[in-house]
Every structure is written in C-alpha cells, then in structure tokens.
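Chemist: sequence unavailable; structure follows:
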C-alpha cells in the first residue's frame, strides 16, 4: 500500500518524473561511480609517483574496451571463463539439487550430513587449490573443480530449505490421487522448490564468478583471470582495467538473468 | 456464488455408472504401541451409491477411519474392501477430499483438476474429461486461471473436480467445507450431494456437524470419542426437497439426530 505520505516530497512535486524514479536513480548511481573513478584517475595522473598507472582512468580504459569489443578479443577472453563457470555450475547443480532434495526430505540424511556439510561449506573454495592441482590432470579440470566446490553449497542448502517448506498437504493430495515417486518429484517437489533452486543458483553464481578470477591465475593461458594477470605482467593497465569492467558487466548480466528466471518461475501470488 | 441446482444436461454428458460398496470388517487402530485404541472392532457396510456420514467429536477416530478407508493409513487390525478389491493403498477408484483444497499454485485450474488423470497415465481424452468435471462444478470459465485468484469455495470446487476426474467409485470427504463461510458451505453441501447422487457414487463423509450430516447423508453413523466404537446407526429420512435448512421436516430430522448425538455422548 502506498499512501501519499510515503512518497517523498520531491517525487510528489514532479509526478511525471516519479514514474521513472528507479531508472533515474540507477543512472545517477552509475554516473556517480564513473565520476569517482574519473576523480581517482585524475589524482593518480597528477601524482608523479603514480603517473605510470594513469591508464587505469575511465578514458584509456573505455577506449581500450572499445578496441577489445571491435577486435573480438573480449569474446576470446570471456569464452573460456564462461565455459568453466558454466560447467562447474552445471556439475554443482546436478549434484547439489538431488542432494538438497534428499537432505530436505529425509530426516536421517539431514542429521547425518549436517555437521560434515556445514564444516565443508566454511572452507574457502580457494584453499582446495593445491589439492585440485594435484588431483586433476589438466588446469582446466582443476579450475572447474574449484568452481564446483564454491557453487555446490548455496545450491544444496537453498534446495533443502525449500523442500522443508513444502506444504505436507500437497504431498498427501498427490499420494491420494495415486502419484508415483516420479510424479511426486516432477509435479510437486520440483515445481514447489523451483524458485529456491534458482535462488541457490543465483547465490552460487555470485560466489563462482568471484572464485573464477583467482582460479584462472593457475596455469591456464585463457580466460578473464589469465587476462588480468597477463596485463599486469605486460604493464598494460588500460587492458587490465578494461578486463575488470568486462568481469563486472558479465557478472551483473548473469545475475540479472537469474533474477528474471526467478520471477518467471515464482508461483507465489503477490497482490 | 451459485445456488441453482445442476441441470440434467450438465451431468448427462458425464458417463459414469461406476459405484461400489464399502465393507469394513473388524477394523481397529492404535497409533503407537502402548497408546489406547482410537478405533476398535469397527464393522460397517456401506451400500453402493449410499451416502454415509460418520459423526463424532474430535478424538472419536472418525477421521482415522476415513484415512483407513482411503488407504492412506494401514489399520492395526481388520480389513476394508471396496467393491471386490481389498484396500491396501490409495487409488483413483477411491478418492479423498481434505479439509483444505491444497491446490498446486504453480498449475492452472484445469491442470489441477486433471492431476489424477495425469498420475494414472491417461493420455487421451484428458482435456475433454477435465472440461466435463469443471463444467460439473460450474467452473468452466475459470479453467486457465491461477488457482490463487479463486475464492475459498471455488478452490474447494476445483478440489472436487480433481477428485471426480479419474471416475472414482467412492468419494471420501474429510470435513471439506469446514473452512468455508455459512452460505458457501450450504450451497457446496447441496451441490456435492446432487453431483454424487447423479453420478451414483458411494460417499463417506466425516463431520462433527449434525446439520451437515442431515443435509448430505442417507445414513448417519455415530462414533463415540474415547471408545472408538460405533454407538449409533440410523437412516436419515428426508425427501430430496426437504434437504434445506428452512424446511420443517429438516428441522424435525435434525432435532432427532441431535438427540441421538447428545444421548450417545452421555452414555457409557
């Protein structure tokens, strides 16, 4: 419920603008960020000790970003990274969703796994790095493993929590109408927890995207993490900061996609 | 809200003659070892097409008995037969309607109504059958709607359509109208009786409300709390037209049943 007193005075004064308030504020936030970045760039350029880093500023960065886009370099960088995150997330979902359903449905499984899972969850995915490098034959496999380890817990726990909130009456109704175990899964449990699973995937994606960059500092010679490391070594700071921008934009885009999917699958009626 | 009786043409299209008697033999039940019996030595035969109300206070085991008939609960002792089949689990041939409609909010009205058909693996004629049962409960216009947009009475009608879609022989009702307001409840009670009678279904209804039993049932069976036994079994002698709260015959029959009910509660 919105009453007139809830609307800020300024919005009330410009009713035609109030409709676009969200967009206007969003654009203002972006402008503020770029302004602060520009300010930082000015400060660095004006300081003789830091002059070498002046291409971190918006001007050189965005110019370089444009070249990266037109030359296709951006796709060469992002492609392998997206592949690794996609595969790691995919494996995490394939393992995490069924595990989460089991943990949510079966009390005994929940009790047995609770302490081990909470323990494993608290270990930073990156601390598995040396073990991953030893255990897997290729660098790619090690990175995918690290992303999987990072992504599995949010997916598993969100699924389990959703399953525990399922109305027992739904299960009873389905059983009463002769639902098989498969029917129970496909017509009751999975649709009931679809938004929980996606919320888990969204959280997992956030973590996975963060873990990706340091993971790609490992032996591989492709991907966004590698590009950052490489740009640092070759002192191309405009390339480095353009890559940072690319990482941010892709992460933001993936998160938006998840949000869209969540609101599509959300069956809860908000009146 | 709708109070008009169903027109014959609406139900003639639904070709259902399936019906079966329910035989309950020496059924007793204890929830946990060491606890007292909630039901003991229940013998009850319900004729094909008969509507029986199980009346009792909470704790009388009436809902337990209904769950046993539905195959949702295995009795500690005794057996239930429906038609020629022994009840060992839930089936589309005997379907229970619960207190809450518990529709699936991620499905439309039509998808909810067709659930039983989907579970039984039926592929052909599902849409036609769903249209028929939605017509039967007067919700044809709502088939593509979100179930969350429906009123409580409409939701319970969808639940009724969902129960009727797989052509059950027996319909079991566990106080399904207790959450509805008085007017909606009364129209539902009359409609459900009319539909069951037209389809020739056997119906077992659990209630603590004697007037609900008088409105809907052909026969009233009283269960006493504490003992878990049947302590009264009487036909409800009312002409179809007399099943109305304002009818004097109804008032007289209700008074008689209420008399039996209160007498049963005081007797040992």
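Modeler: Happy to help now that I have it. Source: prediction; values computed, not measured.

Chemist: quick one: stretch B:249-259 to chain centroid distance?
Modeler: 21 Å (CA atoms, centre = their mean, to the nearest Å).

Chemist: so which residues make contact with it?
Modeler: Outside stretch B:249-259, the residues that touch it by CB atoms under 8 Å, 6 or more residues apart in numbering or on different chains are B:55, B:210-211, B:213-215, B:220, B:234, B:236-239, B:242-244. In short, each C-beta sits where N, CA and C put it, glycine included.

Chemist: please pick the buried ones from the residues you listed.
Modeler: By neighbour count, with 16 or more other CB atoms under 10 Å in any protein chain shown, those hold B:55, B:210-211, B:213-215, B:220, B:236, B:238, B:243 as buried.

Chemist: returning to that earlier point: the contacts of stretch B:249-259: which two are farthest apart?
Modeler: Using CB to CB, the two most remote members of the contacts of stretch B:249-259 are B:55 and B:239, lying 21.1 Å apart.

Chemist: how about the helices in chain B?
Modeler: B:8-12, B:62-70, B:109-113, B:115-119, B:126-136, B:152-164, B:182-199, B:210-216, B:248-266 (DSSP state H).

Chemist: adding mean pLDDT, write those helices out as TSV.
Modeler: Putting the helices of chain B into TSV (pLDDT from 0 to 100) gives the following:
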stretch	mean pLDDT
helix B:8-12	41
helix B:62-70	87
helix B:109-113	86
helix B:115-119	84
helix B:126-136	84
helix B:152-164	86
helix B:182-199	83
helix B:210-216	84
helix B:248-266	79
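
Chemist: can you lay out these as TSV showing distance to residue B:92?
Modeler: Shown next, in TSV, are the helices of chain B (distance: least, CB to CB, whole Å):
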stretch	distance to residue B:92
helix B:8-12	20
helix B:62-70	12
helix B:109-113	14
helix B:115-119	5
helix B:126-136	12
helix B:152-164	10
helix B:182-199	15
helix B:210-216	23
helix B:248-266	33
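
Chemist: residue A:171: which of the ones you listed is closest?
Modeler: Nearest of the helices of chain B (CB to CB): helix B:115-119, 12.9 Å.

Chemist: so is the closest one next to chain A?
Modeler: Yes: applying CB under 8 Å from any CB of the partner chain, one finds helix B:115-119 in contact with chain A at B:115-116, B:118-119.

Chemist: sorry, back to before: relative to residue A:225, which of the helices of chain B is closest?
Modeler: Closest among the helices of chain B, using CB to CB: helix B:109-113, at 46.0 Å.

Chemist: from the chain's centre, how far out does that closest one sit?
Modeler: Its chain's C-alpha centre and that of helix B:109-113 lie 20 Å apart, by CA atoms, centre = their mean.

Chemist: same thing with stretch A:175-193?
Modeler: For stretch A:175-193, the distance to the chain centre is 30 Å (CA atoms, centre = their mean).

Chemist: quick one: that stretch near chain B?
Modeler: Yes: looking at stretch A:175-193 against chain B by CB under 8 Å from any CB, the contacts come from A:175-180, A:183, A:187-188, A:191-192.

Chemist: now, those that are in helices?
Modeler: Filtering these for helices - DSSP H - leaves A:175-176, A:183, A:191-192.

Chemist: same list (these) but as a markdown table, adding pLDDT and neighbour count.
Modeler: What follows is those, written out as a markdown table (pLDDT from 0 to 100; neighbours: other CB atoms under 10 Å in any protein chain shown):
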| residue | pLDDT | neighbour count |
| --- | --- | --- |
| A:175 | 86 | 20 |
| A:176 | 86 | 26 |
| A:183 | 88 | 19 |
| A:191 | 91 | 17 |
| A:192 | 90 | 20 |
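
Chemist: of all those residues, which two lie farthest apart?
Modeler: A:176 and A:191 (18.0 Å).

Chemist: and the gap between the closest residue to chain B within the stretch 1-150 of chain A and residue B:244?
Modeler: Using CB to the nearest CB, the point where the stretch 1-150 of chain A gets nearest to chain B is residue A:101, with a distance of 16.5 Å. As judged by CB to CB, to the nearest Å, residue A:101 and residue B:244 stand 50 Å apart.

Chemist: quick check: residues of the stretch 151-271 of chain A near chain B?
Modeler: So far as CB under 8 Å from any CB goes, the stretch 151-271 of chain A lies against chain B at A:167, A:169-170, A:172-180, A:183, A:187-188, A:191-192, A:194, A:267-269.

Chemist: for the stretch 1-150 of chain B, just list every one of the strands.
Modeler: Per DSSP state E, counting those that start in this stretch, the stretch 1-150 of chain B carries strands over the ranges B:22-29, B:39-46, B:51-55, B:77-82, B:85-86, B:94-97.

Chemist: so which of those strands gets nearest residue B:190?
Modeler: Closest among these, using CB to CB: strand B:51-55, at 12.5 Å.

Chemist: please name the nearest non-neighbouring residue to residue B:195.
Modeler: residue B:136 (6.1 Å; CB to CB, 6 or more residues apart in numbering or on different chains).

Chemist: and for residue A:50?
Modeler: Spatial nearest neighbour of residue A:50, chain neighbours left out: residue A:44 (4.7 Å); criterion: CB to CB, 6+ apart.

Chemist: which element is the one you found on?
Modeler: helix A:21-46 (DSSP states H and E).

Chemist: the helix or strand following that helix: how far from the chain's middle?
Modeler: Using DSSP H and E, the helix or strand that follows helix A:21-46 towards the C-terminus is helix A:58-71. Centre-to-centre, helix A:58-71 and its host chain are 24 Å apart (CA atoms, centre = their mean).

Chemist: state the mean pLDDT of helix A:58-71.
Modeler: For helix A:58-71, the mean per-residue pLDDT is 81.

Chemist: equivalent analysis for stretch B:44-53, please.
Modeler: Average pLDDT, stretch B:44-53: 87.

Chemist: buried ones in it?
Modeler: Buried residues in stretch B:44-53, counted by 16+ other CB under 10 Å: B:44, B:46, B:49-53.

Chemist: count of neighbours near residue A:110?
Modeler: 16 (other CB atoms under 10 Å in any protein chain shown).

Chemist: and for residue A:111?
Modeler: Neighbours around residue A:111, by other CB under 10 Å: 10.

Chemist: helices or strands up against the helix holding residue A:44?
Modeler: With contacts defined as 3 or more CB pairs under 8 Å, 6 or more residues apart in numbering or on different chains; DSSP states H and E, helix A:21-46 has these neighbours: helix A:58-71.

Chemist: contacts for the helix it packs on?
Modeler: Outside helix A:58-71, the residues that reach it (CB under 8 Å, 6+ apart) are A:34, A:37-38, A:41, A:54-55, A:73-74, A:77, A:237-239, A:241-242, A:245-246.
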